[in-house]
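In: Sequence first, predicted model second:
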Amino acid sequence: MRVALLRGSILAAAVWLGFGNIAQAAGWQYCLAVSNADHKTYMGMIGAEQAGADALFADALAHAGITADEVQCPRADMHLTMEEMRRYALEYNRNLGMTVVPFNDGRGAQARR
């Protein structure tokens with residue numbers, strides 16, 4: 001009886017955790033763009049992973065009148081990992097002498113889905 005109850009509890013926990021992971025299976029990402037001529041790096045907010053995010057970020061920059069040499073949108077499965085990656089990119093670009101400019105790309109509202 002105890003073994004059956006324990007198995008049932010383990011199964012219920014596994015199902016509950018599994019559904020939580022399915023909801024977040026897409027992952028996380030943020031985008032950044034480098035403008036070497038201006039010595040600036042534009043950095044977006046962390047949001048849910050999105051196909052074509054680099055093109056969307058480039059379009060948002062262009063709409064704001066910003067020209068970038070390179071756009072990239074790193075991704076990670078875990079939000080905490082993404083926060084650490086973004087923090088490292090921020091420090092790295094500052095160490096290169098770049099001015100890091102926060103850029104509202106509309107993804108901040110999704111940052112804690």
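Out: Structure received. All values reported here derive from a predicted model rather than from experimental measurement. Residues are numbered from 1 along each chain as shown.
In: Tell me which helix or strand comes right after the helix or strand of the chain with the lowest mean pLDDT.
Out: The weakest-scoring helix or strand in the chain, judged by mean pLDDT, DSSP states H and E, is helix 2-23 (a mean of 41). Later in the chain than helix 2-23, the nearest helix or strand by DSSP states H and E is strand 28-29.
In: Can you name the element that comes right after that next one?
Out: Sequence-wise, the next helix or strand downstream of strand 28-29 (DSSP H and E) is strand 32-35.
In: in its sheet, what does that next one sit against?
Out: Sheet neighbours of strand 32-35, with direction, are listed as strand 40-43 (antiparallel), strand 70-72 (antiparallel) (DSSP bridges).
In: Mind pulling the model confidence for the most centrally placed residue in the chain?
Out: Per Cα atoms, centre = their mean, the C-alpha nearest to the average position across the chain is that of Q29, at 2.1 Å. The confidence metric pLDDT takes the value 96 at Q29.
In: so it touches Q50, yeah?
Out: Yes. At 7.1 Å, Q29 and Q50 qualify as touching, with contact defined as Cβ atoms under 8 Å. Placement of C-beta: from N, CA and C, glycine included.
In: Point out where this protein drops to low pLDDT.
Out: Scanning the chain for pLDDT under 70 picks out 1-25, 107-113.
In: Looks like G44 contacts W28 (just checking).
Out: No. The pair G44 and W28 does not pass the contact test of Cβ under 8 Å, sitting 11.9 Å apart.
In: how close does C73 sit to Y30?
Out: 7 Å (Cβ to Cβ, to the nearest Å).
In: ok, how many other residues are close to A55?
Out: Neighbourhood size, A55 [other Cβ atoms under 10 Å]: 12.
In: Y88: which of the strands paired with strand 32-35 is closest?
Out: The stretch from the strands paired with strand 32-35 with the least distance to Y88 (Cβ to Cβ) is strand 40-43; that distance is 11.7 Å.
In: ok, then the element right after the closest one?
Out: strand 47-48.
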